[in-house]
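Asks: Could you look at this predicted model? Sequence included:
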Amino acid sequence: MTKEEYMALALSVAESTIGQTSPNPSVGAVVVKGGRIIGIGSHLQAGKEHAEVHALAQAGEGAEGGEIYVTLEPCVHFGKTPPCADLIIKHKLKKVYIACLDPNPAVAGKGVAKLEQAGIEVEIGLGEARALELNRKFFYFMKTRRPYVTLKAAMTLDGKTATSSGDSKWITSEEARLDVHKERDIHDAILVGSQTVIKDNPQLTTRLPQGGKNPIRIILDTNLSIHDDARILDQVASTWIICGNKADVETFSSNHPHIEVMQLPADKIRISDVLDVLGEKGVQSLYVEGGSTIHGAFVREQLFQECHWYIAPKLLGGANAITAVGGESPLFMNDASSLTFTSVEQIGPDIKVVARPKEA
Ligand SMILES: Nc1c(/N=C/[C@@H](O)[C@H](O)[C@H](O)COP(=O)(O)O)[nH]c(=O)[nH]c1=O
């Protein structure tokens, strides 16, 4: 295998753990000696061993004089296990290939410096684009201390997410809705507005055949208006409610002591305040399932990093049907958010379009 192929293997191993390592990044490592793979490892869960620790444990003494391919710069800090840079030095590897540097400015380059000081050759950048993409959300959070926001909407071909009576069951297919649960599984949190809770009474849990992690359910509810029997108030998953400063938190909390309520200082909920609060709570990735008014707020304030549009081959019609992105229309087309399509894929009878705002 070529060095590109060894790094591609490390990247594949890292990609297979996306969503399960939060708040840590997903990392993969491959140890090679004499053209033979002698160790493969990935970071599987925050608090557990890093990828290099697993790969080097598998390689054992045979690692001496070998090379390691790692998708993120080896750490220099003492966590659950000693720094990976020290472990690589201890195993006397000859060369380290690093796909991308740590995004944290406090540690970026420190792992490389430590390895080079110990006389180990380091090559940076092999598979860098794929390494940056795989931890895109983590890197964004590290840089901004705000969650990476993905807007998700399911709509008819003419952009409707419900009929004028509010009916939306179902627009997209089972297969497309299953894909939504895969997205929920890899996100730290999911967010909807109180209108969606009142209209749809959603569970907002991850229901995959193979199981999965429930994201934290975040409800924007200015006046704590959701009904006491709403399903998201059950104890199947964590639920946080963000409300305005006029809401009667005391009464709500006495009725629902297990629900975390975050009261913002203003009477209206501003998305930028929501993202600051969630960032402080360590939420790195946020999946916004709407509805229309919520999407309108995120789009108007340009506070999203990605949108996933699931489009069904149906035409609903009706100027009074519910549109995917509500709120006020800008006066001019120039005021539209300019995006770039990053992928379009068919899922069953539907298509999933992923688009991102043009890099600022
Ligand atoms: N109507 C549709 C959706 N509807 C999305 C939201 O309006 C629902 O309230 C939410 O997904 C329900 O969450 P649950 O209770 O956990 O299943 N989403 C989709 O992908 N396709 C649809 O056709």
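Replies: Right, received. Where do you want to start?
Asks: touching the ligand at all, stretch 302-315?
Replies: Yes. Applying Cβ under 6 Å from any ligand atom, one finds stretch 302-315 touching the ligand at Tyr310. From N, CA and C alone the C-beta is placed, and that goes for glycine too.
Asks: quick thing: my sequence starts at 42, can you match it?
Replies: Yep, numbering from 42; the last one is stretch 343-356 now.
Asks: Quick one: residues in contact with that stretch.
Replies: For stretch 343-356, contacts defined as Cβ atoms under 8 Å, 6 or more residues apart in numbering pick out 181, 189-199, 212-214, 217, 220-221, 224, 312-313, 316, 329, 339, 365, 378, 380, 383, 388, 390-398.
Asks: Ok, stretch 293-306 next?
Replies: 265, 269, 274, 276, 279-286, 288, 290, 311, 314-315, 318.
Asks: Inside helices: which ones of those?
Replies: Val290, Asp314, Val315, Val318 (DSSP state H).
Asks: I'd like the distance from the strand or helix carrying Met196 to the chain centre, please.
Replies: Assigned by DSSP states H and E, Met196 belongs to strand 189-197. The chain centre lies 13 Å from the centre of strand 189-197; the measure is Cα atoms, centre = their mean, to the nearest Å.
Asks: So which elements touch that strand?
Replies: Strand 189-197 sits against helix 177-185, strand 201-203, helix 215-227, strand 326-329, helix 333-341, strand 347-353, with contacts defined as 3 or more Cβ pairs under 8 Å, 6 or more residues apart in numbering; DSSP states H and E.
Asks: Just put these in TSV and tack on mean pLDDT and distance to Met48.
Replies: TSV is the format used below for the helices and strands packed on strand 189-197 (pLDDT from 0 to 100; distance: least, Cβ to Cβ, whole Å):
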stretch	mean pLDDT	distance to Met48
helix 177-185	95	18
strand 201-203	97	41
helix 215-227	98	23
strand 326-329	98	25
helix 333-341	97	36
strand 347-353	98	25
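Asks: Filter the contacts of stretch 343-356 down to just the buried residues.
Replies: Buried subset of the contacts of stretch 343-356 (neighbour count, 16 or more other Cβ atoms under 10 Å): 181, 189-197, 212-214, 217, 220-221, 224, 312, 316, 329, 339, 365, 388, 391-393, 395-398.
Asks: Return only those of those residues found close to the ligand.
Replies: Near the ligand, judged by Cβ under 6 Å from any ligand atom, the entries from those are Ala195, Ile212, Thr213, Ala217, Val221.
Asks: Contact partners for the first one?
Replies: Residues in contact with Ala195, defined by Cβ under 8 Å, 6+ apart, are Thr202, Ser209, Ile212, Thr213, Ala217, Arg218, Val221, Tyr351, Ala353.
Asks: Then the second one?
Replies: Ile212 sits next to Ala195, Met196, Thr197, Lys201, Thr202, Tyr351, Ala353, Lys355 when contact means Cβ under 8 Å, 6+ apart.
Asks: same deal with Lys135?
Replies: Lys135 touches Gly106, Gly107, Glu108, Ile161, Glu162, counting by Cβ under 8 Å, 6+ apart.
Asks: Could you measure from it over to the ligand?
Replies: 50 Å (Cβ to the nearest ligand atom, to the nearest Å).
Asks: Distance to Val71 for the contacts of Ile212 - can I get that in JSON lines?
Replies: Converted to JSON lines, the contacts of Ile212 look like this (distance: Cβ to Cβ, whole Å):
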{"residue": "Ala195", "distance to Val71": "39"}
{"residue": "Met196", "distance to Val71": "42"}
{"residue": "Thr197", "distance to Val71": "46"}
{"residue": "Lys201", "distance to Val71": "48"}
{"residue": "Thr202", "distance to Val71": "44"}
{"residue": "Tyr351", "distance to Val71": "36"}
{"residue": "Ala353", "distance to Val71": "42"}
{"residue": "Lys355", "distance to Val71": "46"}
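Asks: Counting neighbours, which of the contacts of stretch 293-306 end up buried?
Replies: Judged by 16+ other Cβ under 10 Å, buried ones among the contacts of stretch 293-306: Leu265, Leu274, Thr280, Trp281, Ile282, Ile283, Cys284, Gly285, Ala288, Val315, Val318.
Asks: What is the nearest of those to Ala149?
Replies: Set against Ala149, the nearest of the buried ones among the contacts of stretch 293-306 by Cβ to Cβ is Val318 (27.5 Å).
Asks: On the pLDDT front, check the closest one for me.
Replies: On pLDDT, Val318 comes in at 98.
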